[in-house]
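>>> turn this into a model:
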Amino acid sequence: WGIKYIFIFDGSYDSFTILDRAVKRFRKHRDNITVILFNWQHENIFNSVYGPQFDGKELGRMEFGLLSMAAYLNPSTVSKIIIQKKKSFCDLMKYKRWKKCGHDPEKFRKLFPDCSTSNFSTQPDKNIGKELFEKITGYYERKILSLIG
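Numbers count the residues shown, from 1 in each chain. Below is the predicted model:
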(Lines give C-alpha, C1' and ligand atoms only; values in the text may rest on other atoms or scores of the structure.)
Protein backbone atom coordinates (compact mmCIF):
# COMPACT_ATOMS: atom_id res chain seq x y z
CA TRP A 1 0.00 0.00 0.00
CA GLY A 2 3.00 2.28 -0.18
CA ILE A 3 3.75 2.80 3.50
CA LYS A 4 7.06 4.62 3.74
CA TYR A 5 7.11 5.79 7.35
CA ILE A 6 5.84 4.60 10.70
CA PHE A 7 6.12 7.09 13.55
CA ILE A 8 5.68 5.81 17.10
CA PHE A 9 5.06 8.39 19.82
CA ASP A 10 5.79 7.00 23.26
CA GLY A 11 4.88 9.25 26.15
CA SER A 12 5.90 6.90 28.94
CA TYR A 13 9.31 6.59 30.50
CA ASP A 14 9.94 2.91 31.10
CA SER A 15 8.68 1.42 27.83
CA PHE A 16 11.38 3.11 25.74
CA THR A 17 13.84 0.20 25.89
CA ILE A 18 11.24 -2.38 24.87
CA LEU A 19 9.91 -0.25 22.01
CA ASP A 20 13.42 0.55 20.83
CA ARG A 21 14.22 -3.17 20.58
CA ALA A 22 10.96 -3.80 18.70
CA VAL A 23 11.73 -0.99 16.22
CA LYS A 24 15.26 -2.34 15.61
CA ARG A 25 13.85 -5.81 15.02
CA PHE A 26 11.26 -4.45 12.60
CA ARG A 27 13.96 -2.53 10.69
CA LYS A 28 15.90 -5.78 10.11
CA HIS A 29 12.98 -7.25 8.19
CA ARG A 30 11.65 -4.16 6.39
CA ASP A 31 14.19 -2.19 4.39
CA ASN A 32 11.62 -0.12 2.54
CA ILE A 33 9.78 1.27 5.60
CA THR A 34 11.34 3.86 7.90
CA VAL A 35 10.31 3.39 11.53
CA ILE A 36 11.03 6.21 13.95
CA LEU A 37 10.47 6.07 17.70
CA PHE A 38 9.86 9.37 19.49
CA ASN A 39 9.94 9.59 23.28
CA TRP A 40 9.89 13.07 24.75
CA GLN A 41 10.86 11.85 28.22
CA HIS A 42 14.23 10.73 26.90
CA GLU A 43 14.99 14.04 25.16
CA ASN A 44 16.88 16.49 27.38
CA ILE A 45 15.59 19.46 25.37
CA PHE A 46 12.24 19.30 27.18
CA ASN A 47 13.76 19.62 30.65
CA SER A 48 14.62 23.21 29.77
CA VAL A 49 10.93 24.13 29.56
CA TYR A 50 10.02 23.53 33.17
CA GLY A 51 13.45 23.04 34.73
CA PRO A 52 13.81 26.65 35.93
CA GLN A 53 10.29 26.66 37.46
CA PHE A 54 10.65 23.17 38.91
CA ASP A 55 11.60 22.91 42.57
CA GLY A 56 12.72 19.37 43.35
CA LYS A 57 14.28 16.25 41.87
CA GLU A 58 13.08 13.47 39.59
CA LEU A 59 14.87 10.17 39.08
CA GLY A 60 12.69 8.55 36.45
CA ARG A 61 9.71 9.84 34.56
CA MET A 62 9.06 13.57 34.35
CA GLU A 63 6.14 13.60 36.77
CA PHE A 64 6.00 17.36 37.12
CA GLY A 65 5.89 17.77 33.33
CA LEU A 66 3.24 15.06 32.93
CA LEU A 67 1.05 16.57 35.63
CA SER A 68 1.49 20.07 34.23
CA MET A 69 0.48 18.89 30.74
CA ALA A 70 -2.53 17.09 32.22
CA ALA A 71 -3.49 20.32 34.01
CA TYR A 72 -3.35 22.10 30.65
CA LEU A 73 -5.06 19.46 28.49
CA ASN A 74 -7.74 18.37 30.96
CA PRO A 75 -7.68 20.29 34.25
CA SER A 76 -10.26 17.98 35.86
CA THR A 77 -7.72 15.13 35.85
CA VAL A 78 -5.37 16.98 38.19
CA SER A 79 -6.79 18.05 41.49
CA LYS A 80 -4.71 20.22 43.76
CA ILE A 81 -1.87 18.01 44.87
CA ILE A 82 -0.92 18.05 48.49
CA ILE A 83 2.74 18.94 48.40
CA GLN A 84 4.69 17.38 51.21
CA LYS A 85 8.32 17.85 51.90
CA LYS A 86 9.54 14.27 51.97
CA LYS A 87 12.04 13.61 54.71
CA SER A 88 13.90 11.20 52.50
CA PHE A 89 13.84 11.47 48.76
CA CYS A 90 13.82 8.27 46.75
CA ASP A 91 17.28 6.72 47.12
CA LEU A 92 19.15 6.91 43.80
CA MET A 93 21.02 3.63 44.40
CA LYS A 94 17.79 1.82 45.30
CA TYR A 95 16.19 3.16 42.11
CA LYS A 96 19.17 2.11 39.96
CA ARG A 97 19.11 -1.41 41.48
CA TRP A 98 15.38 -1.67 40.76
CA LYS A 99 15.95 -0.65 37.11
CA LYS A 100 18.86 -3.06 36.71
CA CYS A 101 16.83 -5.95 38.15
CA GLY A 102 14.13 -5.86 35.50
CA HIS A 103 11.73 -2.97 36.26
CA ASP A 104 9.38 -5.22 38.25
CA PRO A 105 6.21 -3.17 38.93
CA GLU A 106 5.35 -5.14 42.08
CA LYS A 107 8.79 -4.52 43.53
CA PHE A 108 8.48 -0.85 42.55
CA ARG A 109 5.30 -0.52 44.62
CA LYS A 110 7.05 -2.13 47.60
CA LEU A 111 10.17 0.02 47.31
CA PHE A 112 8.29 3.25 46.52
CA PRO A 113 4.87 3.05 48.25
CA ASP A 114 3.67 6.41 46.91
CA CYS A 115 4.57 5.25 43.34
CA SER A 116 6.74 8.27 42.79
CA THR A 117 10.43 8.82 42.24
CA SER A 118 10.00 12.58 42.29
CA ASN A 119 10.15 15.10 45.05
CA PHE A 120 8.76 18.47 44.05
CA SER A 121 7.29 21.30 46.06
CA THR A 122 5.75 23.17 43.13
CA GLN A 123 2.13 22.63 42.10
CA PRO A 124 1.67 21.40 38.51
CA ASP A 125 1.14 24.46 36.35
CA LYS A 126 -1.13 24.51 33.29
CA ASN A 127 0.93 27.33 31.74
CA ILE A 128 4.11 25.26 32.00
CA GLY A 129 2.08 22.28 30.70
CA LYS A 130 0.93 24.31 27.69
CA GLU A 131 4.48 25.45 26.95
CA LEU A 132 5.84 21.91 27.30
CA PHE A 133 3.06 20.41 25.14
CA GLU A 134 3.62 22.99 22.41
CA LYS A 135 7.37 22.47 22.52
CA ILE A 136 6.97 18.68 22.23
CA THR A 137 4.50 18.83 19.34
CA GLY A 138 6.47 21.53 17.50
CA TYR A 139 9.76 19.68 17.96
CA TYR A 140 8.39 16.42 16.54
CA GLU A 141 6.52 18.21 13.77
CA ARG A 142 9.80 19.73 12.58
CA LYS A 143 11.58 16.37 12.82
CA ILE A 144 8.88 14.60 10.80
CA LEU A 145 8.75 17.33 8.15
CA SER A 146 12.53 17.17 7.75
CA LEU A 147 12.32 13.40 7.26
CA ILE A 148 9.50 13.34 4.73
CA GLY A 149 10.38 16.74 3.28
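>>> and the helices in this protein?
Secondary structure of the chain by DSSP state H: the helices cover 16-29, 47-50, 63-73, 92-100, 105-111, 126-148.
>>> show me the shaky parts of the protein.
In the predicted model of the chain, residues 1, 47-55, 80-90 satisfy pLDDT under 70.
>>> geometric centre of it: which residue is closest?
Computing the C-alpha centroid of the chain and ranking residues by C-alpha atoms, centre = their mean puts Q41 first, at 3.2 Å.
>>> so it touches F64, yeah?
No - with contact defined as C-beta atoms under 8 Å, Q41 does not count as touching F64 (11.7 Å). Heads up, the C-betas are built off the backbone N, CA and C, glycines and all.
>>> hmm, back to that, grab the nearest non-local neighbour of the residue nearest to the centre of the chain.
Y13 (4.7 Å; C-beta to C-beta, 6 or more residues apart in numbering).
>>> also K94?
Going by C-beta to C-beta, 6+ apart, K94 has L111 as its nearest residue, at 6.1 Å.
>>> against R61, how distant is the one you found?
Taking C-beta to C-beta, to the nearest Å as the measure, L111 falls 15 Å from R61.
>>> now for A71: which residues touch it?
By C-beta atoms under 8 Å, 6 or more residues apart in numbering, the contact set of A71 is 77-78, 124-126, 129.
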